[in-house]
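[1] Need the 3D shape of this:
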Amino acid sequence: MEENQIFDERYHLIRLLGRGNFSEVWLAKDSKTHIEVALKVYAPATGLDNAGLDVFAREFSLVVNANHKNLLKPLYYDTCDRKPYLVLPFCRRGSILSQIGKFDEKQAWHLLHDVAAGLDCLHKLNPPIIHQDIKPDNVMIADDGTFMITDFGVSSHVRASLRKSMSLAFASAGTIAYMAPERFGKDNSPVMASDIYSLGATVYEMLDGDTPFGDDGGLMHKRGAEIPNIKAEVSDLLRQTIEKCLSLNPWDRPTAEQLEQIAADALAQIKKQEQAQPRQPEIPQKRKTVLTVLQETPDVPEKQEAPESPSVPETPTAPENPEHPEVPEPPITPQEPQAPQTPQEPQTPQPPPASPGFQEPPKEVKEAQAKQATANKKKTGGLNPWVLASIVGVFVVIGVVAGLLLFGGDKSKPEVITPAAGTTPASNTVEGTEAQGTDNQTAVLTAKADSLVNVGNQHGEAFEDAYIDAYKNYKQAIALSPSDELTRKLGELETKLNKRYDELKSKADELSQLDEVEAAAVKLKKANAIKDLISNK
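    Numbering: from 1, shown residues only. This next block holds a predicted model:
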């Protein structure tokens, strides 16, 4: 297949978009509709035999029922020269392959949410569809930024048919880096949890720039390698979620539905934080800009402040004594009491007689006005009446406090001074502050523990770590401020942990009988961690 070729007498091939194990994807223009589409052609070099074409057609009939906004659903299916092909919507932004290592936390949660939502749709079909090849190449970006899964519906039967028509070397290359550990065992049949592992490896790569185990994928994991820490700066919740997706055992991974809900909650929290942050710094910045402008242009405020403050008198006073602009008499302070209502009224009519005779020395007038403005500001302590009122209020409060200290009553009767409602008596200010700090710390620990319990309740046994962290926070809160409510919550959580301990112990025993030693050891380790936590009261 080459550029400018007409495929199936209808599609003009513009350029190659990508090449996979079994297919090529071309940007093409439909000569009938004049619309640009993505043309995915399978076995482009050799084509398929009759049996392969039958399998492909049967599998495509299942994909037709998969309708979801996070699935890039084919528009049309046909064959040309024994080559099956799909006509897909063209995504101008391409796949996420070009953004590997560039994702931040918010983008990672979006990717988890959208792909998990698409997988949940596929897994709930009857019969369910297991994608088997989740990787950056197969996650497209819509024009609105939505992530969509492509290349779904290619079952093991279809892959087997495609392998027969292609060279062994070409067919064996590909996506081991994203394959789950169970795919390398005796029973290597894919399960729904295998797609979750591949999604976890994909998100890991989008944050760090490489998959957890390089090109070896879950094979290294199966041989005992530990998942490397994520080097990117992400929250503990995102880190724990990715690690859960990459769990060695399929049953320890969250389902697609659970994963979608976890990501939705995280995105809602991020949105709430973004809406709360930007409003605070805007007000002081604007005030600072206005003050800077007033300081740089001293003659402008004289005209602007006239309706607001008594700074206007400065204009008439300078021209009345132009020969001695530095003498302090010109402010005309005795004229202020002549006004029946405000000090501004008697001064406004004075500029007309003075201004026409003194337009020749504008520089001196401006200097006099500036000096008189400074003198008036020093006398009044500020031009804003609200500032003056605030200063007066401060002195009143100081006087009241001094009076209480000097004449607060008989020291032999301390019971007369009772604490205000809702407060706790303290021997001094330092003790009261410490008590308030302890209450705040207790409230923070309790809120954190409550949140972790909710996570555990929503997402089931796969998140027993949330219960463990909540248990630790409740104990710290009780140590700071014991209460019946905290003791009750700790008791309820302990019951849940004891139940989880029994389940893990029972599962470990079953795995041991099946000679699944490694899996049994993992379950037993978790059970012992719960036991040690509860026993250390």
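
[2] so for stretch 512-524, what's the average pLDDT?
    Mean per-residue pLDDT for stretch 512-524: 72.

[3] Repeat that for stretch 66-83.
    In the prediction, stretch 66-83 has an average pLDDT of 88.

[4] quick one: contacts of that stretch?
    7-8, 37, 40-44, 47-49, 53, 57, 60, 63, 84-89, 91, 114-115, 117-118, 121-122, 125, 129, 140, 146-150, 152-153 (C-beta atoms under 8 Å, 6 or more residues apart in numbering). Bear in mind the C-beta positions are built from the backbone N, C-alpha and C, glycine included.

[5] buried subset of those residues?
    Buried members of the contacts of stretch 66-83, counted by 16 or more other C-beta atoms under 10 Å: 7, 37, 40-44, 47-48, 53, 60, 63, 84-89, 91, 114-115, 117-118, 121-122, 129, 140, 146-150, 152-153.

[6] Filter those residues down to the ones in strands?
    Using DSSP state E, the members of the buried ones among the contacts of stretch 66-83 that fall within strands are 7, 37, 40-42, 84-89, 140, 147-149.

[7] looking at it, residue 254 is touching residue 263, isn't it?
    No: judged on C-beta atoms under 8 Å, residue 254 makes no contact with residue 263 at a distance of 10.2 Å.

[8] Show me whatever sits in contact with both of those two.
    With C-beta under 8 Å, 6+ apart as the test, residue 254 and residue 263 both reach residue 241.

[9] Any stretches of the stretch 401-537 of the chain with poor pLDDT?
    401-437, 455, 458-464, 514-518, 537 (pLDDT under 70).

[10] how about the helices in it?
    429-459, 464-480, 484-513, 517-535 (DSSP state H, counting those that start in this stretch).

[11] Same question for the stretch 101-250 of the chain.
    105-123, 156-164, 168-172, 192-208, 218-222, 236-245.

[12] any weak-confidence spans in this structure?
    In the chain (pLDDT under 70), the answer is 153-174, 278-437, 455, 458-464, 514-518, 537.

[13] and among the helices of the stretch 101-250 of the chain, the most buried is which?
    Most buried of these, by mean neighbour count (mean count of other C-beta atoms under 10 Å): helix 192-208, with a mean of 25.

[14] Can I get that helix in CSV? Just the C-alpha atoms.
    What follows is helix 192-208, C-alpha atoms only, in CSV (Å, rounded to 0.1, in the frame of the first residue of the first chain):
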residue,chain,number,x,y,z
MET,A,192,-10.8,-8.8,32.3
ALA,A,193,-8.2,-8.0,35.0
SER,A,194,-5.5,-8.4,32.3
ASP,A,195,-6.9,-5.2,30.7
ILE,A,196,-6.6,-3.4,34.0
TYR,A,197,-2.9,-4.4,34.3
SER,A,198,-2.3,-3.1,30.8
LEU,A,199,-4.0,0.2,31.7
GLY,A,200,-1.9,0.5,34.8
ALA,A,201,1.3,0.0,32.8
THR,A,202,0.1,2.6,30.2
VAL,A,203,-0.6,5.3,32.9
TYR,A,204,2.7,4.5,34.5
GLU,A,205,4.5,5.1,31.2
MET,A,206,2.6,8.3,30.5
LEU,A,207,3.9,9.7,33.8
ASP,A,208,7.4,8.3,33.9
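
[15] name the helices or strands packed onto that helix?
    In this structure, helix 192-208 makes packing contacts with helix 105-123, helix 236-245, helix 256-276, judged by 3 or more C-beta pairs under 8 Å, 6 or more residues apart in numbering; DSSP states H and E.

[16] any idea how far residue 139 is from residue 59?
    21 Å (C-beta to C-beta, to the nearest Å).

[17] neighbour count winner among those two?
    residue 139 (24 against 17; other C-beta atoms under 10 Å).

[18] Tell me the spacing between the more buried one and residue 183.
    20 Å.

[19] Then residue 91?
    28 Å.

[20] do residue 94 as well
    On the measure of C-beta to C-beta, residue 94 and residue 183 end up 27 Å apart.
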